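J.: sharing a sequence plus its predicted fold:
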Amino acid sequence: MRAVDACALDLRGESYSVETVRGAIAGEGTALSIDCPAPSRWWERLAVPADGREPLCRLVAAARSRGCRSPTERAVAAAERELRELTVETVDTAATRRRLADAGTEVTRLQEEVAAARGRLQSRRETGADTEEAAAALDDAIRRLSEAETERVAAEQAHEAAQRRAREARDARERRLRLQDRVANRRPEARRALAVSIADEFANAVDAVPGEATLSTEPLGVEGDDVTAALAAIRVADLRAPVVDTTDRFDSAAAAADALDAAVIRL
């Protein structure tokens, strides 16, 4: 493994790919070791100015790397956090409804059986016939009816609980939709606030790098050259770790480092 110290380093004569250098900067390399500070959280989105990333995303990342926050962004973050924590249960009330219906049907059937058994017993008493078998049949029917009534009560309670959970699940789904709408509607506001918060710094940074780029607020976007915008966003940002420059916009790695106000590895 080759070890290098990055400040203004030109590796164009080497065979290292952008992926290899990025991995080395992040401390994940095996073919190359680069002695540099650990990248900031937003380095990944800004470190390679010619990687095709959308310019406004770069500008927002640059603002965040500087610790910029907006009330809207905090509201979006709170909504996203609640979305992650929100659990929506899938509740099947059909099964508990069938159980309750079956239990009710069984109770009705056994009530009729008890009535019939009671009638047979009464008839045998009136005729003076032996009642032992009829009395045992009535006792058995009454026992099974009691068990069925207990099952019906349990089925009613289970169905009521399932209905309650279903209402709670429906409320949770509605809450999730409201939160999703809030995030979708307010995220653009947060991006605007962040971009606008460093608009002056971005304009000054554009003056320090090759090319032209302008932040437009109506509609929100970055006009001009995408690479220029990327270079300016790097100059504004706090990345800590080196930038991987493949743009050929500078005469040397030192010139790039001076313009970007950052350590540069040129490929």
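T.: Right, received. Where do you want to start? Numbers count the residues shown, from 1 in each chain.
J.: so in terms of bridging, what pairs with Gly221?
T.: Partner residues in beta bridges with Gly221, using DSSP bridges, are Ser216.
J.: gap between it and Ala161?
T.: For Gly221, the distance to Ala161 under the criterion C-beta to C-beta, to the nearest Å works out to 53 Å. Just so you know, the C-beta spots here come from the backbone N, C-alpha and C atoms, and that holds for glycine as well.
J.: and for Thr72?
T.: Taking C-beta to C-beta as the measure, Thr72 and Ala161 are separated by 41 Å.
J.: compare these two (neighbour count), which wins?
T.: Here Thr72 and Ala161 are compared on neighbour count by other C-beta atoms under 10 Å; more neighbours surround Thr72, at 17 against 13.
J.: would you verify that the more buried one is located in a strand?
T.: No: applying DSSP: H, G, I helix; E, B strand; the rest coil, one finds Thr72 to be helix, outside a strand.
J.: now do stretch 247-266, average pLDDT.
T.: What stretch 247-266 shows for mean pLDDT is 91.
J.: wait, I meant stretch 11-20
T.: The pLDDT scores in stretch 11-20 average 86.
J.: output that stretch as CSV, nothing but the C-alphas.
T.: Once side chains and other backbone atoms are set aside, the C-alpha atoms of stretch 11-20 remain, and they are given as CSV (Å, rounded to 0.1, in the frame of the first residue of the first chain):
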residue,chain,number,x,y,z
LEU,A,11,-1.7,11.9,-8.9
ARG,A,12,-2.5,12.2,-12.7
GLY,A,13,0.6,10.2,-13.5
GLU,A,14,-0.7,7.3,-11.3
SER,A,15,-3.2,4.7,-12.2
TYR,A,16,-5.6,5.4,-9.3
SER,A,17,-9.3,5.7,-10.0
VAL,A,18,-11.6,8.2,-8.3
GLU,A,19,-13.2,5.4,-6.4
THR,A,20,-9.8,4.2,-5.0
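J.: list the buried residues of that stretch.
T.: If you call a residue buried by 16 or more other C-beta atoms under 10 Å, then stretch 11-20 has these buried ones: 11, 16, 20.
J.: okay, those in CSV with secondary structure and distance to Ala166 next?
T.: Below are the buried residues of stretch 11-20 laid out as CSV (DSSP: H, G, I helix; E, B strand; the rest coil; distance: C-beta to C-beta, whole Å):
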residue, secondary structure, distance to Ala166
Leu11, coil, 62
Tyr16, coil, 59
Thr20, helix, 55
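J.: any chance of these in JSON lines with distance to Val244 as columns?
T.: As requested, the buried residues of stretch 11-20 are arranged in JSON lines below (distance: C-beta to C-beta, whole Å):
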{"residue": "Leu11", "distance to Val244": "9"}
{"residue": "Tyr16", "distance to Val244": "10"}
{"residue": "Thr20", "distance to Val244": "10"}
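J.: what are the ranges of the helices in this protein?
T.: Per DSSP state H, the chain has helices spanning 18-25, 43-46, 55-65, 71-85, 93-127, 132-197, 199-208, 226-236, 253-260. These are given in chain order.
J.: now do the first one: everything it contacts.
T.: So that's helix 18-25. 6, 11, 29, 31-34, 36, 39, 43, 47-48, 51, 241-242, 244, 246, 265, 267 (C-beta atoms under 8 Å, 6 or more residues apart in numbering).
J.: only the buried subset of those, as a ChimeraX command please.
T.: For anyone working in ChimeraX, the buried entries among the contacts of helix 18-25, judged by 16+ other C-beta under 10 Å, can be selected with:
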select :6,11,29,32,34,36,39,43,47,48,241,242,244,246,265,267
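J.: list the contacts for Arg186?
T.: Listed by C-beta under 8 Å, 6+ apart, the contact set of Arg186 reads 72, 75-76, 79.
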